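Trainee: everything below, folded, please.
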Amino acid sequence: MTKHILVTGGSGFIGSAIATHLIGRGYRITNLDMVYKEIVGVDFIECDIRNRQILEELFPENVDGVIHMAAITSVLQSKKDPAGVFATNLDATSTLLELSRTSGVKTFHMASSNAAFGSILPPRRVSNPNVDKTLNEDLPLNPLTPYGATKAAAEMLGAAYCDSYGITFGALRLTNVYGTNMGGKDSIVPRIMRSIINGSTIEVYGDGLQWRDYIYIDDVVSAFTLALEDEWTGPTIIGSGISYSVLDLIAAVERTTGEKIKVNHGDAKGGEMRGVRVDISLARSLGFQPQYSIEEGLAKVYRDFVAREGQ
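Mentor: Residues are numbered from 1 along each chain as shown. The predicted structure is shown next:
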């Protein structure tokens, strides 16, 4: 029998890529989102996950698994509106878990973030915030922002439902995801691409030496497919395993595209981790293997931006 998977946020950058891929693997997919996006073969339910009553009324029947992507993902927005981020990222996740329990859903996998780690040590005990740290699944969670806190708390809720009710629950802690079809995003990679196409200057926060792990969208889709089909449980870090500073990333784009990027340094943003390096050994042991180098991924993104916005 064809498995029925509910993808929340299936109209988004990552969610739509997952939904499209799973349709190709023979799954029945329902996309639950506030915004309609036409994806061939995917059923659509228009719903704001913050509205518990409507969500209870519209939650589809005979769902085998949930892939929960719907969330507010901006760290800066979470600092401006912590209550709104709490309602979307935590309260709504709690509702979805409960509806999954009462509906007999077998698996529940959510997109989490390495922002849940925070500084590893509680903020008041960090003597040098610029020290390089490698993150793994065994480290304690000390989030620095409301966004990170909602992801950490949602993971704990999911773990409780796993142990208490037998739902197979997994949290994929994603690093910085980039790829094609992300024209509407305001993260660093699309901002760099737009600066090339528009001939504009890109603002770099602070000195540009803050480092992050960047993973291409197709590798993230592969990770969620493995998590679903192999029934991963607990937290799993998903990244490329290689970190770059913002200035390194800009240099990589310049090498890939042959274009010179104009940079202006603005104020640093508070509440973000200075550096993120991740250990993806656990994911590798579960069969995950990143396929795209930073140059390969950036080349695909640049061609996509030129085709869509460079007219």
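Trainee: can I assume I192 sits in a helix?
Mentor: Yes: I192 forms part of a helix when assessed by DSSP: H, G, I helix; E, B strand; the rest coil.
Trainee: now do it, the pLDDT please.
Mentor: pLDDT recorded at I192 is 93.
Trainee: same question, T73
Mentor: For T73, pLDDT reads 88.
Trainee: mind checking the SS state of it?
Mentor: coil.
Trainee: isn't it right next to T145, touching?
Mentor: No: the pair T73 / T145 is not scored as a contact, 11.5 Å apart, by C-beta atoms under 8 Å. Where C-beta positions appear, they are placed from N, C-alpha and C, glycine not excepted.
Trainee: who does the helix or strand in which V221 is found touch, helix- and strand-wise?
Mentor: In this structure, V221 sits in helix 217-230 according to DSSP states H and E. Counting contacts by 3 or more C-beta pairs under 8 Å, 6 or more residues apart in numbering; DSSP states H and E, helix 217-230 is packed against helix 13-24, strand 65-68, strand 107-113, strand 168-174, strand 176-178, strand 234-238.
Trainee: that one to strand 168-174, inter-axis angle?
Mentor: 170 degrees (axes from the mean of the first three to the mean of the last three C-alpha atoms, to 10 degrees).
Trainee: who's in contact with helix 217-230?
Mentor: 5, 13-14, 17-18, 21-22, 25, 65, 67, 107, 109, 170, 172, 174, 177-182, 232, 236, 238, 240, 283, 286-288, 290-292 (C-beta atoms under 8 Å, 6 or more residues apart in numbering).
Trainee: also stretch 9-22?
Mentor: 5, 7-8, 29-37, 39, 42, 44, 67-71, 111, 174, 177, 179, 181-182, 184-185, 217-218, 220-221, 224-225, 228.
Trainee: please, where are all the helices along this protein?
Mentor: Listed in chain order, the helices of the chain (DSSP state H) span 13-24, 52-58, 75-80, 82-86, 92-103, 146-165, 188-198, 217-230, 246-257, 281-285, 294-309.
Trainee: quick one: buried residues of the last one?
Mentor: Counting neighbours by 16 or more other C-beta atoms under 10 Å, one finds that the buried residues in helix 294-309 are I294, G297, L298, A299, K300, V301, Y302, D304, F305.
Trainee: could you find the closest non-adjacent residue to the second one?
Mentor: For G297, ignoring the flanking residues on the chain, the nearest one in space by C-beta to C-beta, 6 or more residues apart in numbering is Y216 at 3.8 Å.
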